[in-house]
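Undergrad: fold the stuff below for me.
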Amino acid sequence: LLKMVDKLVILLLIISIVTVVIAEECRHCNIEKLLSKYKAEHSIQILTNESSADLCQRKFVHNQLYCSSSKEANKIGIGTIWGSNLPNNFAISILLNRTFVVEFQMDDDCGGYIALADWVVTYDQIMALTKLRGCPLHGSKQIEPLLPCFQCHQDLNHTVNDRFIFMNPWYWQSVYNIYHPHNDGQLSASTRAIYNTLYSNPHSATAFEGAGILIEHALTFTKTLKNLVKSTIEPLRKKNSDFFSISMHLRHQDGGANLATSLDSNQYASYDSQFVKCFHEIRQRFAIHANSKKKCLLYVASDRPQSLLFVRNHSLVADCDVRAAPRATVSTAKEFNGEHGPWSGATSILDVYVLAHTDWFIGSRGSSYSLLINNLVMLNSVKKGRSDNPLYEVTMGAEGCKEVLPATASDNAYRNNPGICSSAKCAGK
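TA: Model (predicted):
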């Protein structure tokens with residue numbers, strides 16, 4: 001009888017595992033179907049061949065994309081541009097069934113490392129097409145900054161009559177948070193179904209996975225980039241690898257201190273040491289739950305050369321293979337002036353790609369660049385079949401590290417900020 005019970009328990013366990021696997025495959029299939037349907041209706045190939053009447057009836061969401069933090073007066077980096085603006089604007093395009101238009105300011109800072117997916121409609125393409133068909137879009141007049149209304153009122157309905165909307169910048173997972181069922185974002189039943197498909201992960205990963213999927217469908221890392229970092233990430237590509245990998249992004253957000261600090265000193269040693277301690281905690285946890293004989297790989301990115309040296313030389317990582325994406329040597333303090341440090345252009349794109357492929361990631365709380373990497377690490381983790389959380393973060397001025405969860409506090413504070421909601425267009429709505 002006991003043997004029969006044991007066999008029944010094993011059978012039920014197998015059935016439950018198979019059920020979970022099938023459900024997860026169906027979930028991913030539904031996301032891919034949603035995005036395939038969207039692209040089949042909104043790709044540049046479709047727009048190019050449709051009638052003037054249909055094209056002139058279309059409505060759009062305009063998204064700016066660039067690689068250098070020097071492109072804007074407020075010095076917004078690629079973390080906000082790629083990790084927040086792009087997935088939020090893409091998500092709104094899908095929810096509103098509008099055509100996603102990207103104005104990509106490609107330049108030397110991109111390094112030839114990143115490109116738009118071939119289905120994406122560019123700003124130049126849509127301006128030329130609508131002019132040719134007799135219904136031109138005048139960006140300077142018809143692009144309407146509706147972010148304050150979205151953030152304060154969470155209502156998609158008032159955008160219906162705006163043909164070409166422009167919403168920058170978004171912060172964090174704004175679309176996920178505003179329209180989450182625990183908030184009061186207003187969605188129709190059909191739009192809610194789309195939202196629930198896109199953000200369908202049953203675990204805390206849902207916001208990060210959803211953003212990662214959208215980034216992956218809109219952007220492509222080029223062969224030039226992949227060839228350049230091939231040897232750096234070779235161990236991460238092997239199945240049943242003998243390595244376990246952790247990455248970290250140390251963000252200091254203090255350009256003045258960067259300039260003033262000599263290369264052989266580190267005034268942020270206390271902060272940087274928290275990352276090493278966090279790495280050690282994760283490593284210890286890994287050794288308990290998996291094969292502790294695996295070799296250690298640590299990938300590091302930072303806005304400060306001193307921090308890379310600090311981590312590499314720390315005793316707690318002495319037996320690890322510490323790596324970084326290829327980068328130019330910084331020999332003097334003057335070479336890394338500015339908030340984003342010396343590697344804010346093409347090198348930061350290499351860092352994103354490399355760090356996104358590791359098993360665990362330790363980010364800097366409050367950094368949009370860390371958020372961007374969170375999105376991609378989580379997406380790759382889910383693809384590997386993991387259901388645990390690979391994301392951790394360190395906060396300046398605080399001890400220890402914490403697991404990263406989709407935060408609503410910062411978004412809600414931003415959304416309810418009276419200063420954000422004071423525009424005349426939103427008044428009284």
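
Undergrad: where exactly do the strands run in the stretch 201-350 of the chain?
TA: 219-221, 243-250, 295-302, 321-323 (DSSP state E, counting those that start in this stretch).

Undergrad: what sits opposite residue 65 in the beta ladder?
TA: Counting by DSSP bridges, residue 65 is bridged to residue 104.

Undergrad: and it, what does it touch?
TA: 81, 82, 85, 86, 102, 103, 104, 105, 116 (C-beta atoms under 8 Å, 6 or more residues apart in numbering). Where C-beta positions appear, they are placed from N, C-alpha and C, glycine not excepted.

Undergrad: pull the number of nearby residues for the residue nearest to residue 301 when sequence neighbours are not counted.
TA: Spatial nearest neighbour of residue 301, excluding adjacent residues (C-beta to C-beta, 6 or more residues apart in numbering): residue 351 at 3.9 Å. Using other C-beta atoms under 10 Å, residue 351 has 24 other residues around it.

Undergrad: where's residue 351, which helix or strand?
TA: Applying DSSP states H and E as the criterion places residue 351 in helix 346-355.

Undergrad: next helix or strand past that helix?
TA: Helix 346-355 is succeeded, C-terminally, by strand 360-364 (DSSP H and E).

Undergrad: closest one of the contacts of residue 65 to residue 236?
TA: Residue 236 lies nearest to residue 82 out of the contacts of residue 65, by C-beta to C-beta, at 21.1 Å.

Undergrad: you'd agree the closest one is up against residue 215?
TA: Yes: Residue 82 is within contact range of residue 215, at 6.6 Å (criterion: C-beta atoms under 8 Å).

Undergrad: got any residues that touch both of these two?
TA: Common neighbours of residue 82 and residue 215 (C-beta under 8 Å, 6+ apart) are residue 372.

Undergrad: who has more neighbours out of these two?
TA: The residue with more neighbours, out of residue 82 and residue 215, is residue 82; 27 against 20, by other C-beta under 10 Å.

Undergrad: dump the residue contacts of the more buried one.
TA: So residue 82 contacts 65, 215, 219, 352, 372 (C-beta under 8 Å, 6+ apart).

Undergrad: repeat the analysis, applying 10 Å as the threshold.
TA: Applying C-beta atoms under 10 Å, 6 or more residues apart in numbering, we find residue 82 in contact with 65-67, 114, 211, 215, 218-219, 348-349, 352, 368-369, 371-372, 375-376.

Undergrad: how about residue 40?
TA: Taking C-beta under 10 Å, 6+ apart as the test, what residue 40 contacts is 46, 119.

Undergrad: what helix or strand does it sit in?
TA: helix 2-42.

Undergrad: so which elements touch the helix or strand just after that helix?
TA: Sequence-wise, the next helix or strand downstream of helix 2-42 (DSSP H and E) is helix 44-49. Under the contact definition 3 or more C-beta pairs under 10 Å, 6 or more residues apart in numbering; DSSP states H and E, helix 44-49 sits against helix 2-42, helix 52-55, strand 99-105, strand 121-122, helix 123-132.

Undergrad: which of these has the lowest average pLDDT?
TA: Among these, helix 2-42 carries the lowest mean pLDDT, at a mean of 73.

Undergrad: contacting residues for residue 397?
TA: Contacts of residue 397 by C-beta under 10 Å, 6+ apart are 270, 271, 274.

Undergrad: just give the closest residue to the last one, not the sequence neighbours.
TA: When you say that, I think you mean residue 274. Using C-beta to C-beta, 6+ apart, the closest residue to residue 274 is residue 394 (4.6 Å).

Undergrad: run a quick neighbour tally on that neighbour.
TA: 27.

Undergrad: relative to residue 180, how far out is it?
TA: 26 Å (C-beta to C-beta, to the nearest Å).

Undergrad: same question for residue 300.
TA: On the measure of C-beta to C-beta, residue 300 and residue 180 end up 34 Å apart.

Undergrad: tell me which of those two has more neighbours.
TA: Between residue 300 and residue 180, counted using other C-beta under 10 Å, residue 300 has the larger neighbour count: 26 against 18.

Undergrad: bridged to the more buried one, which residues?
TA: So, taking DSSP bridges as the rule, residue 300 has residue 248 as bridge partners.

Undergrad: pLDDT score assigned to it?
TA: 96.
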